[in-house]
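K.L.:
Would you be able to build a 3D model of this:
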Amino acid sequence: MKNLFILVSVIVVLFIAAPNSVTAQKAKAVRTIDGKISEFFCGHACYLTITDKKGKKHTDFCFAKLCDSWWSKDGTMPAKYKGKRVRVTVVKEKILLDEENATAFTADVFTKIQLLK
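P.N.:
So this is what the prediction gives:
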């Protein structure tokens, strides 16, 4: 019985004293914008402009799959997408400019484009 008490005591002490190895990660702020595709252009990266219902233009990096397909062709958006109603998902991402010097900045990025009817 004494051995059982010692064993239980050791387990309780280890459980209480052991550091919690699970750390919570800060969730990325995600928002959506409903609007129409106004423009798409590529330079050192590809950018998409969405004009929302109030007429405000939102131009951000486009990392969505749909933009990838435009980039891989010739860096232009097919004309049929201009003016299309969309819902885009926007996330703040760290953009690495210079890997060697670890130069980076944080920017809004379109990560998903949902075509609306």
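K.L.:
element containing the most centrally placed residue in the chain, please.
P.N.:
Nearest to the mean C-alpha position of the chain, by CA atoms, centre = their mean, lies residue 91 at 4.1 Å. Element membership of residue 91 [criterion: DSSP states H and E] is strand 85-98.
K.L.:
before we move on, back to that, what sits opposite the residue nearest to the centre of the chain in the beta ladder?
P.N.:
Note on residue 91: beta-bridge partners by DSSP bridges are residue 30, residue 109.
K.L.:
Can you give me the distance of it to residue 80?
P.N.:
Applying CB to CB, to the nearest Å, the value for residue 91 to residue 80 is 26 Å. Quick note: C-beta positions are derived from backbone N, CA and C, even for glycine.
K.L.:
same check, this time on residue 87
P.N.:
18 Å.
K.L.:
One more: residue 42?
P.N.:
Applying CB to CB to residue 42 and residue 80 gives a distance of 18 Å.
K.L.:
which one of the two has more residues nearby?
P.N.:
residue 42 (15 against 7; other CB atoms under 10 Å).
K.L.:
Not including adjacent chain positions, what is the nearest residue to that one?
P.N.:
Leaving aside its sequence neighbours, residue 42 sits nearest to residue 75 (CB to CB, 6 or more residues apart in numbering; 4.0 Å).
K.L.:
Enumerate the positions of stretch 51-58 that are buried.
P.N.:
Within stretch 51-58, the residues that qualify as buried are 51, 58, counting by 16 or more other CB atoms under 10 Å.
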